[in-house]
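1. Here is my input; please provide its structure:
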Amino acid sequence: MKAQRGRTLIWLSREQYKQLSETRKAKVNLGLFDSELSGAMSAVQGFRDFLDWASHKAADPTQKQPLDVMDADENWGSYTVSVDGIPETVRTIEAGNAFARISVLANPENPLVLQVRLTPAAYGPNALIAPAQTFAKALGYEVTEIHLK
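-> Have a look, this model is predicted:
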């Protein structure tokens, strides 16, 4: 599967995987959810800026992290998936930001995103008004089975 303009929600690029595994940070475009999240990201950044202004904090650019950067957990995770009908537990990188948590197969040759869990911030301001509709529009996913044969 080839990602359009470098974006995919199925696999990380090798560079993203390398960054997550080595530096524990990577810019991850959520692909299919980008249009849904752009409004939420702007709202969260605006809210952060307002809180900084309200508390009279000077803007310190070294403390602000872009909202599309994911931080990986310090320790490896694990994930159980059925491979050709046999349950297998695989090592993963667990990472997230304000909008989502992902589980990525810890394999630099095949960094498959096994699970995406969106946080309430991902649903944006409309989640307060119409949570069912927003939830239905922007679901995460999980890989439960892989068939190699």
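2. Measure how buried the residue lying closest to residue 14 once chain neighbours are set aside is and give me the count.
-> Spatially, and ignoring its direct neighbours in sequence, residue 14 is nearest to residue 108 (6.4 Å; CB to CB, 6 or more residues apart in numbering). (Glycine included, C-beta is placed from N, CA and C.) Per other CB atoms under 10 Å, the neighbour tally for residue 108 reads 11.
3. On the three-state scheme, residue 108 is what?
-> For residue 108, the assignment made with DSSP: H, G, I helix; E, B strand; the rest coil gives coil.
4. Remind me which helix or strand residue 16 belongs to.
-> Per DSSP states H and E, residue 16 falls inside helix 14-22.
5. do the same with residue 117
-> Residue-wise, residue 117 maps onto strand 113-118 under DSSP H and E.
6. quick one: buried residues of that strand?
-> Along strand 113-118, these residues count as buried under the neighbour rule (16 or more other CB atoms under 10 Å): 113-116, 118.
7. And stretch 74-87, by the same measure?
-> By neighbour count on 16+ other CB under 10 Å, the buried set for stretch 74-87 is 77, 79, 81.
8. Identify the bridge partners of the first one.
-> Judged by DSSP bridges, the bridge partners of residue 77 are residue 92.
9. OK, contacts around it?
-> 91-94, 103 (CB atoms under 8 Å, 6 or more residues apart in numbering).
10. Tell me which stretches of this protein form strands.
-> Listed in chain order, the strands of the chain (DSSP state E) span 25-27, 69-72, 77-83, 86-96, 100-105, 113-118, 141-142, 145-146.
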